[in-house]
Each structure stands twice: as structure tokens, then as C-alpha cells.
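Engineer: pasting the sequence and the predicted coordinates here, then a few questions.
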Amino acid sequence: MVDIAEDGRTWLLSGPTSSYALHLTGADELLHLHWGPRVALADAEALAEDPLPGYWPFESPLDGREEYPVEGGPRFVRPALSVRTDERRGTEWSFRAHETDGDELRLRFEDDGLAITLHYRMCGDVVERWVTVANGTHARVELLRADAATWTLPDREGWRLSQLHGRWAAESRLTAAPLTHGEKVIGSRRGHTGHQHLPWVALDTDATEERGEVYGCALGWSGSWRIAVAQLPDARVQITGGAGYDDSGLLLLQPGESYTTPVFAGLWSDGGFGGASRAWHAYQRAYVIPDAGRGRPVLFNSWEATNFDISEEQQLALARRAAEIGVELFVVDDGWFGARTSDRAGLGDWTPNPGRFPQGLKPLADQVHGLGMQFGIWVEPEMVNPDSDLYRAHPDWVQYQPGRKRTELRNQLVLNLAREDVREYLWAQLDGLLSSAPIDYVKWDFNRCFTDAGWPGDPYPQRLWVDHVRALYALLDRLRAAHPGVAFESCSGGGGRIDLGVLSRTDQVWTSDNTDPLDRLAIQHGFSQIHPARVMAAWVTDSPNTQLNGRVSTLRFRFVSAMAGVLGVGGDLTEWSAEELAEARQWVELYKEIRAVVQHGELYRLRPPAGGLSAVQYVLGEETVVLAWLQAQSYGEPVPALRLRGLDPTALYERPETGEVHRGAVLLHHGLRTGLEGDLDATVLRLRRM
């Protein structure tokens, strides 16, 4: 909902529990007024009457108060907008108009032929913000920096900054630290979202998991990005973020051209970190994720079972085993195309290997469908091996710097999707592939970062950093429109491309290449701070975990760990015993019974994965599900009980497995088994309201 003052210079956006207000002064200075608990328009107008402090030589009264600081004039904070024309650098804008379109508010400004529009939309309690910059009359406008938003926090003491950091196979690790004066900058200069940071921050002063104010911001961009959190000299805090890591230039706008930033979303919650997470999850299910109401199937992926050594007969043998344990989607991973017998060849040649699939993918897909499962494949369209027909025909289609060595990582180069001919080639290849066989699912991978990001011959080659991502989005949108029954998963060597931008075009994401069930608890804990279980793919693989650490774990522990999101299986089922297959079928059946609660329910993190007991709870309607894990518990030491949340404290709930009856606000004993130090155990608990 958008409320506008009678003078048309104060605006208030309100959600169910929060409000966001801004005001335009008589000097056309756009000021931030309020972000927090819900207020009335009269309250916002009263805040607008507070005068700005006066200017003096070393400080600006605008700093820390402006809604969207631009470069130029008496400002010293980090500018959200920095532009350069042939005549000058900086912005001196004036207000032109405001308008509303449904629930969207637009504020229009102009600076000598440059049009700047600030966009706002309230989605539940999440405020979406983005900006459009258009060149009207200049011969050229260079966008050095165009951030999506600057967020201003209220005056508080003792701010604490939470963020998600990591690396390959250790993504989404949650950390928190006091915010000190100056700037804290996170981001990616790698061309994709990156394993090192998820584009999300949260700030609080004294919040717990279920109590206290939390301010969070999340950027929807799948390329290089930057978020800067600044504690200013007067203790005010501002958060600025957008596409691109530095200020070396985003785009060159010719007359009539425009640039629209990604969305930078913000959320205030007074329900602690858990309340904030539940609000983020609800927002993504309602406004971001395609077909979010549809549950994701249990899948089998062939990668860890076969690596590159695949054949139609071998995949069919795995498919039969997968069908026996109740899998609903069978995915053929890397190795099905071109000359792909290792990671040294074949990328770019998206046709089935004739020796492995002599009649293409259709016979295998038909047999998989005959087993009652959907059929999926792995692709990595943005990459090319030098040993490929594509590269031999078009060596100029990759990103490279003239006169420099073309750096190969994982024996591959990055295609320049900013080129129209590359985009059209990929469209033709992928559209043809999805039309050639009954394919239901595509795992879209991205296994290396940008290095030699050049575009010889282009007048403004650095635009490829932005245009590559825009081309990726356009290609995914086009494929989804042409093949509406196909689901897509975003993967980038695990969790290297997870953000609100790619989630608006894919059905789930590959959380990490680390499938060790104990390691995954911390990864999934961090992931849940911002993203819902509905998109978090997790696999049960073989034990010992030969891919990473050699850890031995029970099938029980592996399944309960993976059941916290979208369950998948990735072990070599042809090597599993009859007992293991029978147990796996029981776990898959149980997951299907609780799937709706896990994928669509509200999440409560009962205990973090810090050793000892950890647990999460999901609540949907009259049902709740608890997943609990015991880590490194010493023999004989009692395991603490769990106090459940999100239930009616006056109601009775029944455990269907045992018939036990519990009150809603119950301390639930879980039946976890203690053992020698280092033993792992896990359990699944269900309650239904009576």
C-alpha cells in the first residue's frame, strides 16, 4: 500500500507490520524518514517537519539522511549513482513527478537530459527498490556506478553485522561481528554471485533467534556485485548495493538507451533472526520463485555414481534402482554430449555423444518415463572447452584480452553471452535439445569465474560484465516460455550462483558440492537465513564420503540431513546392498509424507549446528515436522530436550508413529541415541493437531 501526502512530497509504503517513508524537501533533496514498525501517514509527515542541521565545512547535513545519494554537490558518503558525460561528471538532479502503478511507486528526477527514476514496491513486509537511468539527449552517458538502493537505518548504538561467507564446498557460513566506524564491503568480482559471499546482510543490536529488531537487505543479481555497509561519523548506518564490484564503469548509454538496476530488497522484522528468515522465505515463495506452490520432486543425480564414465545401459541400470526406492526425477549429469569423456573436451557441443547414446537421449528418457520418473540432464551453456567443435569454429566467441594468454580454469573458457551471435547459438542448441527428447529438468552449471573479461573490437568492452548476466536471464526466460514444463536448477560448482535474481528464473539451486551430511548442517543453517527449504537441493551420497573428507556416516544421518530441503540421492545405487535400498525406500516414503511441510512450511531453527544437538522445525497448518541431529555426543551424556515453536500452546498434538499426545508448547524428547564420542545420530519427528 502506498500513501501520499496532500502536497505530493511525502510517501509512505506499508506492509502488514512495517512501514517505509521518504520525503522531498523544497530544495528537491530526497530524504529518508522511517523504516521500521508500521506508522500512519500523519506520523511520516510529522517526521518530515524536522529540519536538517546546517552546513559546515567538514560535514554535510545530507550525509546519512539522503534516500539515494548521488555524486556531486555537498555530499561525502559513498554515492549510489556516478555518471559521466562528455561535458561533466556527477549529478545535479531536480524532481519532476511521482506516479503509482498498482503497488509500485515511481519518483522521477531529471538532470539536463538524464532521467533518473527511483522505484519502490512493498511485497508483504519486504521493500523492493530499484533504479532506472535513461539517456535522453546526451551524445553518450557513461554509468560508472548505478546502485539499486541505499538503505538508511535508525540511530542505534552497538550495531552488529551478520553475513554469509565461505568458499567452494563451504558456502553460506554465518558470521556476525560488531559494526565499527568506516565501511565493510562484501561482494564478488568474479562475474557470478560467488561462493565467497551471498548478497545478503543483516543488522541488529540485541536480537536473538526469536526476539528483537533485525534489518536485512538482499540483492537480486547473478554477476559481480557489491554491498557496502557504512557506519558514518555521526553513528548513522547506510547500506548501498548493486551490480558491479568497483566504479570502473557499467555501461555506456547512447541517446534513447536506459539501464535498470537489479532489485535490492530490504526487510525489517521485530521477530528476531527467525522471524526475519520466515518473512524472507514467504516473500520468495510469493513473489520470486516460479511455481513456488508446486512441490519439488525427489531426484537422483548420476554424477557421484559415474562421473564422466557413462553409457545408456549404465544410466538405465541406475534409473531402475532409483525407481525402486521411490525417486521421482532421474538426472543424467556431465558426460552425455560431444567428446565429453573428461573435463578437457566437449563443452559447447550440446548434442548427445553418438557412442554413448547412439539414438540420442530420447530412448533413455522414454524408458525413465516408463519407470514412472521424470527425466533431466546437466548442461553448462556459458562455457566452452578449447577442445570442442564450437571453439574451433568460433575462437572469438570467448571472453579474452587481445595479446594476452586465454586463461583456462577447469580446462574451459567463458563464452561472451553479451554477443548476439553467441546468444542465438545457445538458444538454437538448447531449444533443439529440449525439443529432441521428453526432458523435464535442466541442471544449469557454471564452473569457473571470469578472468580475461575482454571483448576486442567493442567500443565499450567492459559492458560484458552486465550484459552477460542480462543475456543469461533473457535466455532462461526464453527457454522457460518455449518449454513451460521444464524445471531449471541453478548450479555453479555448488553454491556459486545463488541470489534473488537467478531464483526468479529457476526452480531450485544446488546448495554446495559438499554432500557430507555433517558439513551440510552448517551450510544449510546459513542458507536458511535468507532462502527457503523449497529451493535448497540436498543429496544423500555414498559413505565414506570419498569426494571430500572420507567421513563415515549412517544412511539414517545422511537422509535426515538431506531431508531439510529438496531431497536428492547421488550415490551409486548399483553398489548399495538390498538392506540399504530397503532402508532408503523407507526414508524416501517418509520424506514424501512430510515434503509439503518442509518445502512450504514456516521454519524455526531450534538449535544451531554448533556441536551436540541441532534441530530445525517446520510448521504448516495443523502439522509440524522436526529434524534433529546429534553430533559428537559423549557416551552417557544426556541429550537435551527440544522446546517446539510456532504451535498453539493450548492445543493437543499427536505423534502419528507412536500415538503419543503433547501440548503445543512442549518440551519434546526425541529418542536420539547417544554413543561413543564421534558417533552421529538423527531423527524425524512429526506432530499433527488433534
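Structural biologist: Cool, the structure landed. Residues are numbered from 1 along each chain as shown.
Engineer: just the helices in the stretch 201-350 of the chain please.
Structural biologist: 272-283, 303-306, 312-324 (DSSP state H, counting those that start in this stretch).
Engineer: all helices for the protein, in order.
Structural biologist: 41-48, 272-283, 303-306, 312-324, 362-370, 389-393, 420-436, 464-482, 500-503, 517-527, 555-562, 578-600 (DSSP state H).
Engineer: about what we covered before: any idea which of the helices of the stretch 201-350 of the chain gets closest to Ile498?
Structural biologist: Ranking the helices of the stretch 201-350 of the chain by proximity to Ile498 (CB to CB) places helix 272-283 first, at 13.1 Å. (Glycine included, C-beta is placed from N, CA and C.)
Engineer: could you give the angle of that closest one to helix 578-600?
Structural biologist: Relative orientation of helix 272-283 and helix 578-600, computed by axes from the mean of the first three to the mean of the last three CA atoms, to 10 degrees: 90 degrees.
Engineer: for helix 272-283, packing partners?
Structural biologist: On a contact count with 3 or more CB pairs under 8 Å, 6 or more residues apart in numbering; DSSP states H and E, helix 272-283 meets strand 126-135, strand 197-204, strand 214-219, strand 264-269, strand 602-607.
Engineer: dump the ones you listed into JSON lines; add distance to Ala564, mean neighbour count and mean pLDDT as well.
Structural biologist: Shown next, in JSON lines, are these (distance: least, CB to CB, whole Å; neighbours: other CB atoms under 10 Å; pLDDT from 0 to 100):
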{"stretch": "strand 126-135", "distance to Ala564": "24", "mean neighbour count": "22", "mean pLDDT": "98"}
{"stretch": "strand 197-204", "distance to Ala564": "18", "mean neighbour count": "25", "mean pLDDT": "98"}
{"stretch": "strand 214-219", "distance to Ala564": "21", "mean neighbour count": "26", "mean pLDDT": "98"}
{"stretch": "strand 264-269", "distance to Ala564": "22", "mean neighbour count": "26", "mean pLDDT": "98"}
{"stretch": "strand 602-607", "distance to Ala564": "9", "mean neighbour count": "19", "mean pLDDT": "97"}
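Engineer: possible to save these as JSON lines with distance to Gly326?
Structural biologist: Shown next, in JSON lines, are these (distance: least, CB to CB, whole Å):
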{"stretch": "strand 126-135", "distance to Gly326": "36"}
{"stretch": "strand 197-204", "distance to Gly326": "32"}
{"stretch": "strand 214-219", "distance to Gly326": "35"}
{"stretch": "strand 264-269", "distance to Gly326": "37"}
{"stretch": "strand 602-607", "distance to Gly326": "25"}
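Engineer: which of the ones you listed sits closest to Asp421?
Structural biologist: With CB to CB as the criterion, Asp421 lies closest to strand 126-135 of the helices and strands packed on helix 272-283, at 25.9 Å.
Engineer: parallel or antiparallel, list what pairs with that closest one.
Structural biologist: In the sheet, strand 126-135 lines up against strand 114-123 (antiparallel), strand 258-260 (antiparallel), strand 264-269 (antiparallel) (DSSP bridges).
Engineer: going by neighbour count, which residues in the longest one are buried?
Structural biologist: By that I understand strand 114-123. Leu114, Ala115, Ile116, Thr117, Leu118, His119, Tyr120, Arg121, Met122, Cys123 (16 or more other CB atoms under 10 Å).
Engineer: which of those residues sits closest to Arg84?
Structural biologist: Leu114 (10.9 Å).
Engineer: these two touch, right, that closest one and Asn135?
Structural biologist: Yes: under the criterion of CB atoms under 8 Å, Leu114 makes contact with Asn135 at 6.4 Å.
Engineer: shared neighbours, these two?
Structural biologist: The contact sets of Leu114 and Asn135 overlap at Val141 (CB atoms under 8 Å, 6 or more residues apart in numbering).
Engineer: re earlier: export the buried residues of strand 114-123 to JSON lines and append columns for pLDDT.
Structural biologist: Converted to JSON lines, the buried residues of strand 114-123 look like this (pLDDT from 0 to 100):
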{"residue": "Leu114", "pLDDT": "96"}
{"residue": "Ala115", "pLDDT": "98"}
{"residue": "Ile116", "pLDDT": "98"}
{"residue": "Thr117", "pLDDT": "98"}
{"residue": "Leu118", "pLDDT": "98"}
{"residue": "His119", "pLDDT": "98"}
{"residue": "Tyr120", "pLDDT": "98"}
{"residue": "Arg121", "pLDDT": "98"}
{"residue": "Met122", "pLDDT": "98"}
{"residue": "Cys123", "pLDDT": "98"}
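Engineer: leaving out sequence neighbours, find the closest residue to Arg689.
Structural biologist: Glu622 (3.9 Å; CB to CB, 6 or more residues apart in numbering).
Engineer: check what pLDDT the one you found gets.
Structural biologist: The score at Glu622 is 95. That number is its pLDDT.
Engineer: where does the stretch 551-690 of the chain dip in pLDDT?
Structural biologist: Applying pLDDT under 70 to the stretch 551-690 of the chain flags residues 632-636, 674-679.
Engineer: for Asp3, what are its contacts?
Structural biologist: With CB under 8 Å, 6+ apart, Asp3 has these contacts: Trp11, Leu12, Leu13, Ser14, Leu41, Ala44.
Engineer: any idea how far Leu105 is from it?
Structural biologist: 10 Å (CB to CB, to the nearest Å).
Engineer: and for these two, which residues touch both?
Structural biologist: With CB under 8 Å, 6+ apart as the test, Asp3 and Leu105 both reach Trp11, Leu13.
Engineer: and the average pLDDT for stretch 511-524 is what?
Structural biologist: Mean predicted confidence for stretch 511-524 is 97.
Engineer: end-to-end on that stretch?
Structural biologist: 8 Å (CA to CA, to the nearest Å).
Engineer: helices or strands next to the least confident helix or strand in the chain by mean pLDDT in the packing?
Structural biologist: Lowest mean confidence among the helices and strands of the chain (mean pLDDT, DSSP states H and E): strand 667-668, at a mean of 80. Where contact means 3+ CB pairs under 8 Å, 6+ apart, strand 667-668 is packed against strand 642-643.
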